[in-house]
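Enquirer: what follows is a predicted protein model with its sequence.
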Amino acid sequence: MSSFEKRVYRFGDGVADGDGSMPDLLGGKGAGLAEMTLLGVPVPPGFTITTKVCHHWLEHGANPTGLQLEIDTAVEWLESIVGRRLEDSANPLLVSVRSGAPISMPGMMDTILNVGLNDACVEGLAEKSGSRRFALDLYRRLIQMFGTIVLEVPKQEFDRALEAVKRAHRFANDSELSESPLEKTIEAFKQLVLTRTGKPFPQEPREQLEMAVTAVFSSWNNERARCYRKLNHIPETLGTAVTVQAMVFGNRGEDSGTGVGFTRNPSTGEKNIFGEFLPNAQGEDIVAGTRTPMPISKLAETMPHVYRELLAVTAMLENHYREMQDFEFTIESGKLFLLQTRTAKRAAPAVVRIAVEMASEGLISKTEAFNRVKPESIAEVLSSQLDTSSHPAILTQGLAASPGSVVGQIALSANQAVTMVARGEKVVLVTEETTADDIHGMAVAPGFLTARGGATSHAAVVARGMGKCCITGARDIELDEKADAVQIGGKLFHSGDWLSLEGSTGRVFEGKLPVRAADNDHPHLDALLAWAKNTGACLVRANADTPQDAAAARRMGAAGIGLCRTEHMFFAADRLGHMRSMILAKTKEERARALDRLLPIQQHDFEELFRTMSPLPVTIRLLDPPLHEFLPSIDEINGEITSARREENWELAIELEANRKQVETLRETNPMMGHRGCRLSLTCPEILEMQVRAILQAALVVSAEGLNPAPEIMVPLIASEEEMKVLAELIRKTAQQVFAAHGREIPYTIGAMIELPRAAICADRIARHVSFLSFGTNDLTQMTYGFSRDDARTYLDGYLQQGILKTDPFITIDREGVGYLVELAVNSVRAVSPKIKIGVCGEHGGDPESIHFFSSLGLDYVSCSPFRLPVAQLAAAQAHLSEARLPEEKTQPQMLLAREPNRNSQEELQLDTAA
Ligand code: PEP
Ligand code: MG
């Protein structure tokens with residue numbers, strides 16, 4: 001660093017060389033002290049040595065040349081304004097030497113108090129202060145702190161020596177030590193330093209100061225500071241500043257003391273000063289916890305004038321910084337001094353409440369209020385939390401697939417879960433992975449833990465839809481169903497044993513941990529979300545499969561349903577049989593009969609959905625999964641065949657044999673790339689016809705009730721324009737038949753899901769035949785990467801650990817690849833059909849970072865599970881507001897269109913709307 005650069009910044013007596021805008025150079029503490037001085041807050045004067053000196057020190061192991069002169073000048077200035085001098089044994093200046101990084105690292109680095117005392121000064125101070133006990137107490141504190149931090153004598157040895165003196169005098173507290181025991185303590189401490197370091201305790205105040213400054217710089221690299229930086233992603237290169245400040249004494253008597261506080265309650269956000277105060281004590285006494293501090297509000301009784309001043313000063317600081325503050329203060333003989341102020345850390349409910357209240361108070365704008373709330377804080381406010389204050393051991397950790405916390409008894413299969421719940425037990429369902437067949441167990445279990453699967457695996461999607469806690473892909477899990485047991489993190493558990501799951505972190509604990517229930521009443525969050533809806537951000541719809549999901553979506557302010565996965569309607573006990581008969585039908589007539597039985601059931605479900613959502617749009621996706629998912633497994637059928645034979649029911653056995661053959665035919669090696677999605681509608685159009693009838697008949701019924709249903713029929717897994725053309729025609733033909741039969745029409749639209757890379761590339765052509773497009777980003781990610789949604793966990797974890805992937809692409813959209821395809825499709829479609837509605841209904845629709853990306857592309861809506869709606873609504877508002885502020889940075893279309901624009905789509909857009 002240049003020798004002309006300023007390296008020491010003074011503050012005090014109403015002037016300061018620096019200010020609050022300089023935390024990078026002066027550290028948060030140094031910048032705060034300079035700013036407070038300029039604001040006229042009572043602050044003990046001092047000076048700050050910059051972080052750049054720390055960089056130099058760390059690099060060269062020595063201070064830059066000329067620094068000592070700057071420090072000496074600053075000390076001289078300090079001496080002149082406080083009227084005491086270092087080394088003046090009759091009237092000594094004592095200073096604190098304090099660390100302070102640009103980003104707060106509470107308690108991680110070192111601070112030394114009372115620097116400047118020695119054998120001679122202690123007597124001078126005794127005389128000047130009129131209390132020898134006070135002076136001796138400061139001296140023993142200095143030797144103890146300096147000895148530990150600078151001279152690196154183990155702390156326990158000082159503690160032991162002090163304990164011995166206290167024991168000999170039968171004292172319980174340090175504060176009871178009178179003169180003679182203090183003298184003995186000082187002697188013992190000095191002896192300890194001599195034996196441990198081979199040198200006497202340094203008697204030169206300037207040498208003490210120099211050594212203390214160096215020790216604080218090197219505390220940047222102590223183990224706990226390094227660990228904290230790693231955990232909190234704080235760059236190693238920042239370094240710490242050192243602040244040297246005239247001591248004020250909280251241990252000066254009963255009208256003195258020290259405290260820490262917050263301008264608002266850090267747990268609830270309530271606007272009330274909150275904190276602790278310890279009379280007749282120095283800062284480290286609060287940290288040591290040897291005495292119990294009193295609530296700060298008690299000061300109103302014991303020192304009312306100081307309390308009033310504290311309220312006024314801290315309120316002024318909050319107004320000045322326009323942020324909740326966390327502050328440290330000392331009262332010396334009835335006079336208040338602020339030692340530090342900084343932005344306070346706070347719990348999630350407080351984050352939301354403070355942002356909303358500060359905006360209502362006019363302290364910050366609504367835009368700032370939005371930006372101060374991280375979407376994760378909302379998820380935390382809305383879900384129950386495990387109490388892990390006892391620091392329980394973590395059994396295993398999986399993917400945090402759906403938040404909330406559950407404490408329950410292990411059930412190792414869906415059937416077992418149902419039986420246990422019927423007995424009144426609370427269960428957690430622990431499985432390899434769930435499938436659609438497990439839905440009955442998932443319906444009754446409040447939490448799921450799976451050994452396999454990722455963020456879009458079946459268990460994860462279903463859990464989020466149901467608002468239940470779910471951890472997937474926890475690989476330290478080995479199931480042994482025969483033994484009715486499971487190994488978790490190397491420990492054996494049986495069904496019925498207790499586990500505690502923390503869905504927001506993916507952590508699994510043994511036994512029953514206490515749970516803090518989510519608060520159902522959150523007026524501040526409601527207010528924030530109400531503002532969010534008025535920002536003009538992209539709409540947020542919900543993915544909902546049942547009337548119950550739809551009701552939850554409506555309650556949470558969804559702008560419609562963006563995805564109803566109709567297959568989930570077929571798994572309930574009263575439908576699965578008909579579904580199986582339909583699939584296994586040997587003749588057209590047999591299939592038609594089964595479909596006739598399914599139609600009214602589906603229609604009833606749709607009626608309920610439309611009633612709940614009217615007049616908001618409801619996107620209903622036609623059947624998507626491969627048919628074998630609805631069928632029993634070969635093992636199951638074999639079991640039934642054996643029983644039928646045993647009972648000599650030959651007719652049934654023959655039928656089952658035929659079924660087995662058909663199940664075998666329907667089995668696919670790679671069903672995710674197989675006979676599913678629109679392919680089912682093309683090979684089995686009767687299913688599409690039944691579903692379209694059910695949808696439109698339901699809409700007619702509900703419209704006759706005076707409501708305004710808005711059905712949107714969506715076709716999954718489209719790959720080509722030709723597929724879409726044929727299916728759109730079939731849907732329209734079926735619609736005409738329904739309308740003709742009822743003598744009435746109803747508006748509806750047809751849309752395509754863009755879930756395949758080919759579909760994204762050909763989106764403009766597909767769009768010719770529909771009036772909306774919805775990106776199924778789960779499949780689009782799967783198909784673009786070639787990562788299987790359900791089995792990729794094992795190698796994805798490795799990719800994430802090695803940094804090959806920065807984030808899980810099934811959680812946050814991969815902008816570079818999958819995102820590129822989305823952008824390509826949006827640009828090509830918008831070039832020819834600027835008004836076509838485009839949304840996202842994959843799980844990324846609930847992920848804040850992905851929402852920012854979709855918003856930048858100008859999508860009309862995102863759709864996510866109902867319980868993620870608030871998070872998505874906030875993220876959408878934040879994205880929109882940041883784009884509005886930075887129009888020049890808004891994502892520009894990056895690529896040229898490869899094809900001639902499609903000029904027909906505008907006209908065709910009207911075709912599927914009958915009314
Ligand atoms: C998708 O693929 O993104 C989607 C919404 O469909 P599903 O998850 O049901 O395959
Ligand atoms: Mg899909």
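Expert: It's in. Ligands and ions are numbered 1, 2, ... in the order given.
Enquirer: show me where pLDDT drops low in the protein?
Expert: Counting by pLDDT under 70, the ranges of the chain that qualify are 1-4, 172, 174-175, 286-291, 436, 456, 885-915.
Enquirer: what sits against the most centrally placed residue in it?
Expert: The centroid of the chain falls nearest to Glu376 when counting by Cα atoms, centre = their mean (3.4 Å). Shown in contact with Glu376 (Cβ atoms under 8 Å, 6 or more residues apart in numbering): 348, 848, 871. The way it works is simple: take the backbone N, C-alpha and C, and place the C-beta from them, glycine included.
Enquirer: and it, helix, strand or coil?
Expert: Put simply, Glu376 is helix when judged by DSSP: H, G, I helix; E, B strand; the rest coil.
Enquirer: which of the contacts of Glu376 ranks first by neighbour count?
Expert: Scoring these on neighbours with other Cβ atoms under 10 Å, the highest-scoring entry is Val871 at 24 neighbours.
Enquirer: that older thread, helices - which of the contacts of Glu376 land there?
Expert: Within those, residues falling in helices by DSSP state H are 348, 848, 871.
Enquirer: and ligand 2, which of these reach it?
Expert: Applying Cβ under 5 Å from the ion to the ones in helices among the contacts of Glu376, one finds that nothing falls near ligand 2.
Enquirer: run through the bridge partners of Thr341.
Expert: Counting by DSSP bridges, Thr341 forms beta bridges with Phe327.
Enquirer: which bits of the protein sit near ligand 2?
Expert: Residues of the chain lying near ligand 2 (Cβ under 5 Å from the ion): 755, 776, 779.
Enquirer: show me these that map onto strands.
Expert: Among those, no member falls in strands (DSSP state E).
Enquirer: show only the entries of these found in helices.
Expert: Per DSSP H, the residues of the chain next to ligand 2 map to helices at Asp779.
Enquirer: restricted to buried residues, select the residues of the chain next to ligand 2 in ChimeraX.
Expert: Here is the ChimeraX command that picks out the buried ones among those, judged by 16 or more other Cβ atoms under 10 Å:
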select :755,776,779
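Enquirer: tell me where the stretch 651-800 of the chain has strands.
Expert: 710-718, 749-754, 772-775 (DSSP state E, counting those that start in this stretch).
Enquirer: helices or strands up against the lengthiest helix in the chain?
Expert: Determined from DSSP H, the single longest helix within the chain is helix 588-613. Contact here means 3 or more Cβ pairs under 8 Å, 6 or more residues apart in numbering; DSSP states H and E; on that basis helix 588-613 packs against helix 547-555, strand 561-565, helix 573-584, strand 617-621, helix 685-704, strand 710-718.
Enquirer: okay, buried residues for that helix please.
Expert: 591, 594-595, 598-599, 601-603, 605-613.
Enquirer: and stretch 316-324, by the same measure?
Expert: In stretch 316-324, counting by 16+ other Cβ under 10 Å, buried: 317-318, 321, 323-324.
Enquirer: backbone dihedrals for the closest residue to ligand 1 within the stretch 51-200 of the chain, please?
Expert: Of all residues in the stretch 51-200 of the chain, the one sitting closest to ligand 1 is Ile103 (38.1 Å; Cβ to the nearest ligand atom). Ile103 adopts backbone torsions of phi -110, psi 130, taken as degrees, to the nearest 10.
Enquirer: quick check, Ile378 in contact with Leu525.
Expert: Yes: counting by Cβ atoms under 8 Å, Leu525 is a contact partner of Ile378 at 6.6 Å.
Enquirer: who's more crowded, the two?
Expert: In terms of neighbours (other Cβ under 10 Å), Ile378 is the more surrounded of Ile378 and Leu525; the figures are 26 against 22.
Enquirer: Pro848 versus the closest residue to Gln782 other than its chain neighbours, what's the distance?
Expert: Spatially, and ignoring its direct neighbours in sequence, Gln782 is nearest to Arg789 (4.8 Å; Cβ to Cβ, 6 or more residues apart in numbering). Using Cβ to Cβ, to the nearest Å, we find Arg789 at a distance of 21 Å from Pro848.
Enquirer: so Met109 touches Trp220, yeah?
Expert: Yes: look at Met109 against Trp220 with Cβ under 8 Å: they come within range, at 6.3 Å.
Enquirer: write out the residues of the protein neighbouring ligand 1.
Expert: 563, 565, 624, 755, 776-779, 841-842 (Cβ under 6 Å from any ligand atom).
Enquirer: just the buried residues of those residues.
Expert: Among the residues of the chain next to ligand 1, those buried by neighbour count (16+ other Cβ under 10 Å) are 563, 565, 624, 755, 776-779, 841-842.
Enquirer: roughly how far apart are the closest residue to ligand 2 within the stretch 151-300 of the chain and ligand 1?
Expert: Proximity of the stretch 151-300 of the chain to ligand 2 (Cβ to the ion) peaks at His233, 34.0 Å away. Distance of His233 to ligand 1, given as Cβ to the nearest ligand atom, to the nearest Å: 30 Å.
Enquirer: buried residues in stretch 232-249, which are they?
Expert: 234, 238-249.
Enquirer: can you redo the buried ones among the residues of the chain next to ligand 1 as TSV with distance to Ala767?
Expert: Output for those, formatted as TSV (distance: Cβ to Cβ, whole Å):
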residue	distance to Ala767
Leu563	19
Arg565	23
Asp624	20
Glu755	15
Gly776	15
Thr777	18
Asn778	21
Asp779	18
Cys841	16
Gly842	19
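Enquirer: quick one on the thing from earlier: anything in contact with each of Ile378 and Leu525?
Expert: 352, 870.
Enquirer: quick one: the helices in the stretch 1-150 of the chain?
Expert: Listed in chain order, the helices of the stretch 1-150 of the chain (DSSP state H, counting those that start in this stretch) span 23-39, 51-60, 67-82, 119-129, 132-149.
Enquirer: and Ala483, backbone torsions?
Expert: Main-chain dihedrals, Ala483, degrees, to the nearest 10: phi -80, psi 0.
Enquirer: for Ile439, see how far away Asn778 is.
Expert: Taking Cβ to Cβ, one finds Asn778 at 18 Å from Ile439.
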